[in-house]
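**Student:** Coordinates only, no sequence provided:
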């Protein structure tokens, strides 16, 4: 697939390199492409462009910017035009600028209104699917953990979009668990808080969640 | 141990029967002990009394009432006196009276202020430990699931109290993951929302979370 990733940080870079390694054509979209010139020079399989370039290039998009920058990135990408009708994986989290409290991140959202719901309302033609928000960049692609494949909790209003993301996740080492509509981002985004706690408290960043069944 | 359980619903009954089955002395405390007479008659190992009786009886307490009733139950139990210095497992969740939205529970708390933090502030002499809040009553004691022992995410301000709860959890089939102070209930309580979604959407209530490590 042609995958356009909005973002230039650790998550965007890990997903770009990892998805290219699985044979996808990847373009990374960023506000300042020049900043990624050195990184891109060693990765010929990954193109770099503007937010709008990456969105236009994408058959499937990935939103991998800070939550506080998500709306601006989508505007800059002209998402309602360039991503209309396309799947957009939302890997962002509503992390506030305030520091963590005893290792617990502060969010700028509420339990009644998640970040992805806000973004979906602002861009109704884009098929948002929450994924990759509750694991660190080092484990996003082909995670190796004791106890088997971890579970990626996903949510979104479009069933076909979730099937596409489920297939992509299976390809890169994850079982997907479909939690329903975009509203379920209210329960999935706080997993980022939980996931980060051992990191902030004990510098332990190597873990992932799994949903056990009978 | 002498375990006093505040509550009379499915969670309280499952914990009472299950913990008694593991050799603990259990008293179940409820507003109307007469209502539990039939249930108690078939379980000679479980005593039934008032909230205050159970709190006074307890070496370790369990709060297993609806979140909306938690503060009233603690008041009725005279918790600041009868549970002073004792461990209190908080299995409650801040579920609002409003119905779930597409399977997603509504909470009356925020991401900045969890139910357990509120209860801990109101009863500073009680050693609250969040546990048993993100799994159904049928799986609380000796869960049998593919993929091994599930993980109970726990939190609380008292390290010794968490060690006691970790030992109790191990006895009944769970690995505990200590997420730090009471503030971490902000991240653990929303797991209840996530856990319930497959139930509300697909009547699938048989699952539990596991934290995978390297």
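**Tutor:** Arrived safely. As the structure is a prediction and not an experimental result, all values here were calculated from the model.
**Student:** Would you map the helices across chain A?
**Tutor:** Secondary structure of chain A (DSSP state H): helices at A:10-21, A:37-41, A:51-57, A:70-76, A:79-82, A:115-122, A:159-171, A:185-188, A:190-202.
**Student:** which stretch among those comes nearest residue A:213?
**Tutor:** Of all the helices of chain A, it is helix A:159-171 that lies closest to residue A:213, at 16.0 Å by CB to CB. Backbone N, C-alpha and C define where each C-beta goes, glycine included.
**Student:** what residue is smack in the middle of chain A?
**Tutor:** For chain A, residue A:91 is the residue whose C-alpha lies nearest the centre (CA atoms, centre = their mean; 1.8 Å).
**Student:** ok, now which ones touch the residue nearest to residue A:74 when sequence neighbours are not counted?
**Tutor:** Distance criterion CB to CB, 6 or more residues apart in numbering or on different chains; nearest residue to residue A:74, sequence neighbours excluded, is residue A:123 at 6.1 Å. By CB atoms under 8 Å, 6 or more residues apart in numbering or on different chains, residue A:123 lies in contact with A:74, A:79, A:80, A:83.
**Student:** cool, and residue A:152?
**Tutor:** When contacts are counted by CB under 8 Å, 6+ apart, residue A:152 touches A:131, A:132, A:135, A:169, A:174, A:175, A:176, A:177.
**Student:** Kindly report the same for residue A:196.
**Tutor:** A:100, A:103, A:105.
**Student:** restrict those to those near chain B?
**Tutor:** residue A:103 (CB under 8 Å from any CB of the partner chain).
**Student:** who wins for neighbours among the contacts of residue A:196?
**Tutor:** Within the contacts of residue A:196, most neighbours by other CB atoms under 10 Å in any protein chain shown means residue A:105, with 23 neighbours.
**Student:** sorry, back to before: what is the nearest of the contacts of residue A:123 to residue A:185?
**Tutor:** For these, the nearest to residue A:185 is residue A:74 (15.4 Å; CB to CB).
**Student:** List the buried residues of the lowest-mean-pLDDT helix or strand in chain A.
**Tutor:** Least confident element among the helices and strands of chain A, by mean pLDDT, DSSP states H and E: helix A:37-41 (a mean of 90). Applying a neighbour-count criterion of 16 or more other CB atoms under 10 Å in any protein chain shown, one finds residue A:40 buried in helix A:37-41.
**Student:** same for it, what does it pack against?
**Tutor:** Applying 3 or more CB pairs under 8 Å, 6 or more residues apart in numbering or on different chains; DSSP states H and E, one finds that helix A:37-41 makes contact with strand A:46-49.
**Student:** that older thread, comparing the helices of chain A, which yields the minimum mean pLDDT?
**Tutor:** Ranked by mean pLDDT, the helices of chain A end with helix A:37-41 at the bottom, a mean of 90.
**Student:** Now do it: everything it contacts.
**Tutor:** A:13, A:28, A:46, A:47, A:48.
**Student:** which of these sit farthest apart?
**Tutor:** So, these by CB to CB: farthest apart are A:13 and A:47, at 13.4 Å.
**Student:** what residues are shared contacts of these two?
**Tutor:** residue A:28.
**Student:** related to what we said a few turns ago, between the contacts of residue A:152, which sits nearest chain B?
**Tutor:** Using CB to the nearest CB, residue A:177 comes nearest to chain B of the contacts of residue A:152, at 7.8 Å.
**Student:** Run a quick neighbour tally on the closest one.
**Tutor:** 21.
**Student:** Residue A:151 is in contact with that one, correct?
**Tutor:** Yes: counting by CB atoms under 8 Å, residue A:151 is a contact partner of residue A:177 at 5.0 Å.
**Student:** tell me, what's touching the two both at once?
**Tutor:** With CB under 8 Å, 6+ apart, residue A:177 and residue A:151 have common neighbours residue A:211.
**Student:** on that earlier part again, same list (the contacts of helix A:37-41) but as TSV, adding neighbour count and distance to chain B.
**Tutor:** Shown next, in TSV, are these (neighbours: other CB atoms under 10 Å in any protein chain shown; distance: CB to the nearest CB, whole Å):
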residue	neighbour count	distance to chain B
A:13	20	22
A:28	31	28
A:46	22	28
A:47	20	33
A:48	24	32
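**Student:** Include distance to residue A:87 when you put these into JSON lines, please.
**Tutor:** Below are these laid out as JSON lines (distance: CB to CB, whole Å):
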{"residue": "A:13", "distance to residue A:87": "21"}
{"residue": "A:28", "distance to residue A:87": "17"}
{"residue": "A:46", "distance to residue A:87": "19"}
{"residue": "A:47", "distance to residue A:87": "19"}
{"residue": "A:48", "distance to residue A:87": "21"}
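**Student:** mind checking how far residue A:123 is from chain B?
**Tutor:** 20 Å (CB to the nearest CB, to the nearest Å).
**Student:** backbone phi and psi for that residue, please?
**Tutor:** phi -130, psi 70 (degrees, to the nearest 10).
**Student:** That one and residue A:169, how far apart?
**Tutor:** Plainly put, residue A:123 is 22 Å away from residue A:169 if you go by CB to CB, to the nearest Å.
**Student:** can you check residue A:83 too?
**Tutor:** Counting by CB to CB, the separation of residue A:83 from residue A:169 is 20 Å.
**Student:** Compare neighbour counts for these two and give me the winner.
**Tutor:** Neighbour count, other CB under 10 Å: between residue A:83 and residue A:169, residue A:83 has more, with 26 against 22.
**Student:** Enumerate every residue touching the more buried one.
**Tutor:** Residues near residue A:83 by CB under 8 Å, 6+ apart: A:55, A:58, A:61, A:74, A:77, A:123, A:125, A:126.
**Student:** Quick one, which of those are buried?
**Tutor:** Using 16+ other CB under 10 Å as the burial test, the contacts of residue A:83 include A:55, A:58, A:61, A:74, A:77, A:123, A:126 as buried.
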